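Quick one: sequence and predicted model below, then my questions.
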Amino acid sequence: MPRRNPPVAPDPENAPVAQRVPVTPRVVTIDPVSRIEGHLKIEVDLAPANGAWVVTDAWSTGTMFRGVEMILVNRDPWDAIPITQRVCGVCPVSHGQAAALALDQAMSATPPNNGRLMRNLVLGANFVHNHILHFYHLAALDFFDGPAMAPWEPAWHSDKRLDPATAAVLTDHYVAALEMRRRAHEMGALFGGRMPHPPAYIAGGFTKVPTAGEIAEFRATLDDLVAFVNNVYVPDINLIAAAYDDYYEIGVGCGNLLAYGAFELAGAGARLLPRGRVENLSETVLPVDTSAIAEDVSSSWYADSSSGLPPTSGQTVAQFPKDGAYSWLKAPRYAGAAYEAGPLSRMWVSGDYRRGASVMDRHMARAVETIKLAQAMDGWLNELVPGGPVFAERTMPTAGTGIGLTEAPRGALGHWLQYSNTRITRYQIVTPTCWNASPRDDQGIAGPIEQALVGTPVLDWQEPIEVLRVIHSFDPCLSCAVHVARVDDRPENGRTIQTRWAPRAGVR
Ligand code: NFE
Ligand code: MG
């Protein structure tokens, strides 16, 4: 269980929650945060408020060093597609797509319609899979208690508002959702070859030529998934939103929203989910200029000489330990500002959802996006031409550059490629969770999750489930954010970089 604060006794605050009297500020650490991908530690400062607690500050720590950007150097640029997919088992399709887009640019290739559509459909299958996974298996247990058995126990029981009969129905849906995820993966594998790491993405298009039978099978599976989304997922998120409507005010983030856009339509630059950004939850969608993106590392375990660099000149030079640093994530910023990425950002930019930017808004926007995407996928199946060409025949120049901007389920994903003599010289990956879970930047500005946590009320400091609700609403993936563990990074192997965190100065 992610509880790291040992009960301190004797202590009136250690009594049953109803008898506890909050008097003393506390630091609470959740490490690891469970029901996410990868290794995240969250530390919050709690102050007494209204007989309970409120979060007054927060620190987000990616606790594992990874190094995919370094692995890619000196590889053939074609290798970027299969290798970057290994960043993650949840969003590999997006990494394949981003790498393919960067390579398309490097060799001036535009995939034929079938190739574009096949990429969209496999990526779409992954999004549908992800959003069902996120709601049922990562987030929903913050709101209801499952049966008193593994994998539902041990669990935190604070502030559970749904009656046992309702919780039992949601538990059935939790189990049904496992089957739906399997079906979504099977659907993606029809065209992608296998899931979760489909080998069918290539520079210039796709390797798989669709047949009429496969198109029909894809559609039949999609129909079943749409039925589940409409009849189960959407009603369940509405049910939870009604019981926890205070979460429309809790967990509001930095207010700046970024979307690179994805799901290319016919016509240059046209996308189902458009590119854009908004400042301070404005109605005005602004253009995205990639030259405004830079990554700060003053709070990250990387050499300060690499701080503030744009990905076109970005470096990944680990430095551990380092004064003032507390995360393996870099801090991406747009024109110096923190930005939130994800379904909410996409749905805000597209105009499909603009109620707010709270915990519940993130869940709602994710559901809205699932429906929008599934409808579009049905149309793309109609556009596919059985047996039609799927890739553009091109020769890769021996030197080049490319930027692949797309969306992963968790938000804006960018790959920056440079190569010469057919070998990669620089590869920089900036993932959505790096945007969302980033630590303080060089100006001391906190990352979006850190900002969103401040002000969160907490009933019981020993079971700070309210903190988990805020974190989970972002669907973080630390595997992506710090991009392959070096399992031999142990002192006995002579390594100095370890897959662990160091305590923030002054904390235990
Ligand atoms: Ni590992 Fe990923 C997504 C990417 S999160 S899940 O979605 O890119 O940073
Ligand atoms: Mg990176």
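Alright, I've got the coordinates. Ligands and ions are numbered 1, 2, ... in the order given.

Okay, strands next: where are they in the stretch 201-350 of the chain?
For the stretch 201-350 of the chain, applying DSSP state E, counting those that start in this stretch gives strands covering 201-202, 205-206, 257-259, 262-264, 271-273, 276-278, 293-296, 331-334, 340-341.

okay if I get those as a markdown table plus mean pLDDT and distance to Val54?
To be clear about C-beta, it is placed using only N, CA and C from the backbone, and glycine gets the same treatment. Shown next, in a markdown table, are these (pLDDT from 0 to 100; distance: least, C-beta to C-beta, whole Å):
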| stretch | mean pLDDT | distance to Val54 |
| --- | --- | --- |
| strand 201-202 | 98 | 46 |
| strand 205-206 | 98 | 51 |
| strand 257-259 | 99 | 25 |
| strand 262-264 | 98 | 37 |
| strand 271-273 | 98 | 35 |
| strand 276-278 | 98 | 28 |
| strand 293-296 | 98 | 28 |
| strand 331-334 | 98 | 25 |
| strand 340-341 | 98 | 22 |
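
Among the ones you listed, single out whichever gets nearest to ligand 1.
Of all these, it is strand 340-341 that lies closest to ligand 1, at 8.1 Å by C-beta to the nearest ligand atom.

out of the strands of the stretch 201-350 of the chain, nearest to Val33?
With C-beta to C-beta as the criterion, Val33 lies closest to strand 340-341 of the strands of the stretch 201-350 of the chain, at 17.8 Å.

what does the closest one rub up against?
With contact meaning C-beta atoms under 8 Å, 6 or more residues apart in numbering, strand 340-341 is reached by 253-259, 357, 410-412, 432, 435-436, 448, 474.

likewise stretch 145-165?
Applying C-beta under 8 Å, 6+ apart, the external contacts of stretch 145-165 come out as 1, 17, 141, 143-144, 167-168, 170-171, 174, 239-240, 243-244, 459-460, 463-466, 468.

export it as PDB, just CAs?
C-alpha atoms of stretch 145-165 as PDB (Å, rounded to 0.1, in the frame of the first residue of the first chain):
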ATOM      1  CA  ASP A 145     -14.900   0.200  -2.400                       C
ATOM      2  CA  GLY A 146     -14.600  -3.100  -4.200                       C
ATOM      3  CA  PRO A 147     -15.100  -6.500  -2.500                       C
ATOM      4  CA  ALA A 148     -13.000  -7.300   0.600                       C
ATOM      5  CA  MET A 149     -10.500  -9.300  -1.400                       C
ATOM      6  CA  ALA A 150      -7.500  -8.900  -3.700                       C
ATOM      7  CA  PRO A 151      -7.100  -6.900  -5.900                       C
ATOM      8  CA  TRP A 152      -9.500  -4.500  -4.200                       C
ATOM      9  CA  GLU A 153      -8.000  -4.800  -0.800                       C
ATOM     10  CA  PRO A 154      -5.900  -3.400   0.800                       C
ATOM     11  CA  ALA A 155      -7.500   0.000   0.000                       C
ATOM     12  CA  TRP A 156      -8.200   3.400   1.500                       C
ATOM     13  CA  HIS A 157     -11.800   3.700   2.700                       C
ATOM     14  CA  SER A 158     -11.900   7.400   3.500                       C
ATOM     15  CA  ASP A 159     -14.700   9.400   2.000                       C
ATOM     16  CA  LYS A 160     -16.400   6.600   0.000                       C
ATOM     17  CA  ARG A 161     -20.000   7.800  -0.700                       C
ATOM     18  CA  LEU A 162     -21.600   5.100  -2.800                       C
ATOM     19  CA  ASP A 163     -23.800   2.500  -1.200                       C
ATOM     20  CA  PRO A 164     -22.800  -1.200  -1.300                       C
ATOM     21  CA  ALA A 165     -25.300  -2.200  -3.900                       C
END
